[in-house]
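>>> what follows is a predicted structure for the sequence shown.
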Amino acid sequence: MDAPQNPAGAFEPEKTYSRQRREEFIATIESTPRLMRAAVGGLSEAQLDTKYRNWTIRQIVHHITDSHVNSYVRFKWTLTEEHPTIKAYDDGKWAELADSRSGDVRVSLALLDGLHARWVILLRSLTDADFERSFFHPESKQDVSLNAALCYYAWHCRHHTAQINWVRQQNRW
């Protein structure tokens, strides 16, 4: 069976963001390190090198950490600068680097633990006005509010965890 593009569903941006909805997104970010650790728990090195579409499980774990480090920095820039232009990066090229292709996932999981703990502290400190602040994304040529970025990264958490769980389910691991 071909792996689905979006096992957790396609990303759907929201039109408005209530405090309650933001708290749901923050709770997703808060729980992701635990859920990601459970998704890869007990997998052998060979299983970690099993592909889901174009990337291995190992690369997915490293990718989510790389991506969220970038996002955390983008949030900080947006909160401390006036409408910054963020730095885009090629996540496919990052995934091909040696640390992503063969690195120990426990290192990225540990980084994800600390990163998400810090990010959640920051997110819970923000006001409604803070979430309206935005950055400019040079690839999409769009302004992105922190509300929209939070919505996207909550989905991103579910998306990649679901990919790993899909591989496990298909292989009955």
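It's in. Numbering: from 1, shown residues only.
>>> give the buried residues for the single longest helix found in the chain.
Assignment by DSSP state H gives helix 146-171 as the longest helix of the chain. Under the neighbour-count criterion of 16 or more other CB atoms under 10 Å, helix 146-171 has 146-168 buried. Using the backbone N, CA and C atoms, a C-beta is placed for each residue, glycine as well.
>>> packing partners of that helix?
helix 19-40, strand 51-52, helix 57-80, helix 128-132 (3 or more CB pairs under 8 Å, 6 or more residues apart in numbering; DSSP states H and E).
>>> pLDDT averaged over it, what's the number?
Averaged across helix 146-171, pLDDT comes to 98.
>>> how about stretch 118-125?
Rounded mean pLDDT across stretch 118-125 is 98.
>>> mind listing what's buried in it?
Applying 16+ other CB under 10 Å to stretch 118-125 flags 119, 123 as buried.
>>> again with stretch 81-101
Applying 16+ other CB under 10 Å to stretch 81-101 flags 84, 86, 94-95, 100 as buried.
>>> closest to Tyr52 among those residues?
Minimum separation from Tyr52 among the buried residues of stretch 81-101 (CB to CB) is found for Ala95, which lies at 11.9 Å.
>>> nearest spatial neighbour of the closest one, chain-adjacent residues omitted?
Gln59 (4.7 Å; CB to CB, 6 or more residues apart in numbering).
>>> verify the stated contact: the one you found with Ser100.
Yes - using CB atoms under 8 Å, Gln59 makes contact with Ser100 at a distance of 5.1 Å.
>>> circling back: in a markdown table: the helices and strands packed on helix 146-171, plus mean neighbour count.
A markdown table is the format used below for those (neighbours: other CB atoms under 10 Å):
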| stretch | mean neighbour count |
| --- | --- |
| helix 19-40 | 17 |
| strand 51-52 | 16 |
| helix 57-80 | 20 |
| helix 128-132 | 13 |
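>>> between the ones you listed, which gets nearest to Glu139?
Here helix 57-80 is closest among the helices and strands packed on helix 146-171 (CB to CB), at 12.5 Å.
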